[in-house]
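# here is my input; please provide its structure:
(one chain, ligands or ions: 1)
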Amino acid sequence: MQRTRIKFCGLTRPADIEAAVRLGVDAIGLVFAPGSPRRVDLATAAALRQRIPGLCHCVALVMDQPYDTVQAIVQTVRPDMLQFHGSESAADCARFGLPYIKALGLGGEAETAVQAFPNALILTDSHAPGQAGGTGQTFDWNRVADWTRQRPVMLAGGLHADNVESAIATARPYAVDVSSGVESAPGIKSIDRMQAFVRAVQRADQSNH
Ligand SMILES: O=C(O)c1ccccc1NCC(=O)[C@H](O)[C@H](O)COP(=O)(O)O
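Below is the predicted model:
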């Protein structure tokens, strides 16, 4: 049975990471984007990273940040992969020598932009003018169903326990990513919501495959 991978993004507390790991998620995202309520500093991130065991990927999320800033994150935190959430080019993303996720907001140009990142795991997110990510807004999942037939895609944007089964049934993504949908407040994950989300994904996998 094909299993939909799960990434939880924007964790800021050791207890939330331990709960996510116990739930068996595949990846945990630490946010370094300026202005995010989920942003962690380098020292905090390095400590959080220690709580993520080897078979769960640690993802460092950055957004249009200078090379030296990202390099410092790579050197200090040692993430398994990077997630680029801004207007970075494929060359910008590739120069750290790590696997990477490229977020594309489902605005007007996403369909052409996806071709520019042949080596990325594409994350499809909502396009909310003036907001970068973690917005809790959904988009029409039918728009990415073609992409998911052609390459692995991580579906994100406004997912939560009550809509992720429908999202998986519609788009058949390789993975799903959630931040605000498993929170009680920005940056504060809810163990109950994380658990409900994982169970909903498991239900979707059982009924779709
Ligand atoms: O989480 C943030 O605050 C954030 C800030 C700037 C860029 C990206 C950010 N988050 C990205 C994500 O958490 C997810 O990849 C994605 O946007 C889904 O978020 P949500 O709709 O809250 O589930």
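# ok, which stretches of the protein are strands?
For the chain, the strands defined by DSSP state E cover 5-9, 27-31, 57-62, 81-84, 100-105, 121-125, 153-155, 175-178, 183-185, 188-189.
# out of those strands, which gets nearest to the ligand?
With Cβ to the nearest ligand atom as the criterion, the ligand lies closest to strand 5-9 of the strands of the chain, at 3.5 Å. Where you see a C-beta, it was placed from the backbone N, CA and C, and this is true even at glycine.
# which elements pack onto the closest one?
Packing contacts for strand 5-9, counted by 3 or more Cβ pairs under 8 Å, 6 or more residues apart in numbering; DSSP states H and E, involve strand 27-31, strand 57-62, strand 175-178, helix 191-208.
# make TSV from the strands of the chain and add mean pLDDT to it.
Output for the strands of the chain, formatted as TSV (pLDDT from 0 to 100):
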stretch	mean pLDDT
strand 5-9	98
strand 27-31	98
strand 57-62	98
strand 81-84	97
strand 100-105	92
strand 121-125	92
strand 153-155	95
strand 175-178	97
strand 183-185	96
strand 188-189	98
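# how about TSV for the helices and strands packed on strand 5-9, with mean neighbour count and distance to T148 added?
What follows is these, written out as TSV (neighbours: other Cβ atoms under 10 Å; distance: least, Cβ to Cβ, whole Å):
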stretch	mean neighbour count	distance to T148
strand 27-31	26	18
strand 57-62	24	20
strand 175-178	26	10
helix 191-208	17	12
